[in-house]
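In: sequence first, predicted coordinates after that:
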Amino acid sequence: MSKRVFLIVLDSVGIGEMPDSAEYGDAGSNTMRAAATSEHFTMPHMESYGLFDLEGIRELKKTEAPAKGAVMRIAEASKGKDTTIGHWEIAGIESAEPLPTFPDGFPDELIAAFEEATGRKVICNKPYSGTEVIKDYGQESVETGALIVYTSADSVFQIAAHEDVVPIEELYRYCEIARELCTGKYGVGRIIARPFEGEYPFKRTSRRHDYSLVPPKKTMLNYLSEAGMEVRAVGKINDIFAGSGITKTVRTANNAEGIDRTLEWMKEEFEGLCFTNLVDFDMVYGHRNDVEGYAKALSYFDSRLPELVEGLREDDLLLITADHGCDPITPSTDHSREHVAVVAIGPKVKEGVNLGTRNSFADTGATVLEYFGVNGEIAGTSYLKEILK
């Protein structure tokens, strides 16, 4: 029977500060614990697989029942706390330097080059909340046709425009232009299209699209696809890796659709990796400091976990992890540098295993490669033998 790994990233679901979190302004951050302050938080299925046996969130454990899965807490080895760096590390790249950020906005020369290439004026050009920026600049953009360019604490160049003023394909073309311009010292991790619609105060649409840097070296995705395995991407995974090493992809509008598409692929015959990103935790709730929404989203994922487990075959492995934090209680609306959990589930996974704290997200990438018997020059140390029966 073909081997398959289903790797699901709960985007931004961190489980507590790292020793250097204070250097990033994130002392005390714990996204999971923050969400658990809501009465809507309930994750009995993830608890049954051992999630709350981990340091940083043990106080959330409600029962003493032995865990049905294998778990660990992992620290980020890379410098940074953004989506791109986190996912690249999961796939085997440890980044010694963070991607560039622009807390004072982008330099005049870059904005001038972008305006010349697009033929449109730029407004805003400063760090901003995505929902607030369209409230403050959306009307001007609609009236003048100017593009709203903004950033955040992350390495991003974001372009917002009303879909009735800038058709979505045109906005995507502007993002491609920005991607070509943003290299070298301006090489941000992602260019992000942020379309909005309706009347003031406007509403962002689901047609967001990310344009990432191509990873600087091969990842587990490349090694798997080169070995003849399928690498299927659900959600924004294809964007994060700029398509490198991916053999099949499907876009999703929200967490529910991401789970649905993953379940659909579970029913298909293939050998290889299905890599899923569930972005709502981060994009819809974390960045808006919506504790109640974050808790409901976690509870929703937990309610659907039995479907994912039921879909596993004898030689399947389900790995659930995260890429950074986004604590919805702290004053900041930006990502937080935190440990993440890995919960391993499957017919061949040992029960009641807790590997404690490990030192690199890349251990997961190394584990996936070992599971398929594929050699690859990536960072990380496999934990496969420690979790399999």
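Out: On my side now, so go ahead.

In: just the buried residues of stretch 15-32, please?
Out: Under the neighbour-count criterion of 16 or more other C-beta atoms under 10 Å, stretch 15-32 has I15, G16, E17, M18, S21, Y24, D26, S29, N30, T31, M32 buried. C-beta: built from backbone N, CA, C; applies to glycine.

In: for those residues, work out which two are farthest apart.
Out: Pairwise distances across the buried residues of stretch 15-32 peak at 18.0 Å for Y24 and M32 (criterion: C-beta to C-beta).

In: the helices in the stretch 51-200 of the chain, which residues?
Out: With DSSP state H, counting those that start in this stretch, the ranges of helices along the stretch 51-200 of the chain come out as 83-90, 108-118, 130-144, 168-181.

In: buried set for the longest one?
Out: Just to be clear, that refers to helix 130-144. Under 16+ other C-beta under 10 Å, the buried positions of helix 130-144 are G130, V133, I134, Y137, G138, S141, V142.

In: circling back to that earlier point, rebuild the buried residues of stretch 15-32 as a markdown table, extending it with distance to T333, secondary structure and pLDDT.
Out: Compiled in a markdown table, these are given as follows (distance: C-beta to C-beta, whole Å; DSSP: H, G, I helix; E, B strand; the rest coil; pLDDT from 0 to 100):
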| residue | distance to T333 | secondary structure | pLDDT |
| --- | --- | --- | --- |
| I15 | 19 | coil | 98 |
| G16 | 19 | coil | 98 |
| E17 | 17 | strand | 97 |
| M18 | 20 | coil | 97 |
| S21 | 17 | helix | 97 |
| Y24 | 14 | helix | 93 |
| D26 | 13 | coil | 96 |
| S29 | 12 | coil | 98 |
| N30 | 16 | coil | 98 |
| T31 | 13 | helix | 98 |
| M32 | 18 | helix | 98 |
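
In: ok so, going back, with respect to H209, which of the helices of the stretch 51-200 of the chain lies nearest?
Out: With C-beta to C-beta as the yardstick, what comes closest out of the helices of the stretch 51-200 of the chain is helix 168-181 (5.9 Å).

In: which other helices and strands does the closest one contact?
Out: Packed against helix 168-181 by the contact rule (3 or more C-beta pairs under 8 Å, 6 or more residues apart in numbering; DSSP states H and E) you find helix 108-118, strand 156-162, strand 190-197, strand 209-212.

In: out of the ones you listed, indicate the one that is most buried.
Out: strand 156-162 (a mean of 24; mean count of other C-beta atoms under 10 Å).

In: can you give the distance of that one from its chain's centre?
Out: 19 Å (C-alpha atoms, centre = their mean, to the nearest Å).

In: and it, which strands flank it?
Out: Within its sheet, strand 156-162 is paired with strand 147-151 (antiparallel), strand 190-197 (parallel), according to DSSP bridges.

In: of all those strands, which one is nearest F372?
Out: strand 190-197 (28.5 Å).

In: after that closest one, next one along is what?
Out: strand 203-204 (DSSP states H and E).

In: list the helices and strands that next one packs on?
Out: helix 130-144, strand 190-197.

In: pull the helix or strand with minimum mean pLDDT from this structure.
Out: strand 209-212 (a mean of 90; mean pLDDT, DSSP states H and E).

In: following it, which helix or strand comes up?
Out: Taking DSSP H and E, what comes next after strand 209-212 is helix 220-226.

In: now that following helix: average pLDDT?
Out: Helix 220-226 carries an average pLDDT of 98.

In: and it, what does it pack against?
Out: If you count contacts as 3+ C-beta pairs under 8 Å, 6+ apart, helix 220-226 packs onto strand 230-234, strand 272-278, helix 362-372.

In: can you lay out the ones you listed as CSV showing mean pLDDT and distance to T84?
Out: Putting the helices and strands packed on helix 220-226 into CSV (pLDDT from 0 to 100; distance: least, C-beta to C-beta, whole Å) gives the following:
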stretch, mean pLDDT, distance to T84
strand 230-234, 98, 15
strand 272-278, 98, 12
helix 362-372, 98, 14
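
In: can you redo these as JSON lines with distance to K248 and mean neighbour count?
Out: Converted to JSON lines, these look like this (distance: least, C-beta to C-beta, whole Å; neighbours: other C-beta atoms under 10 Å):
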{"stretch": "strand 230-234", "distance to K248": "5", "mean neighbour count": "24"}
{"stretch": "strand 272-278", "distance to K248": "9", "mean neighbour count": "26"}
{"stretch": "helix 362-372", "distance to K248": "17", "mean neighbour count": "24"}
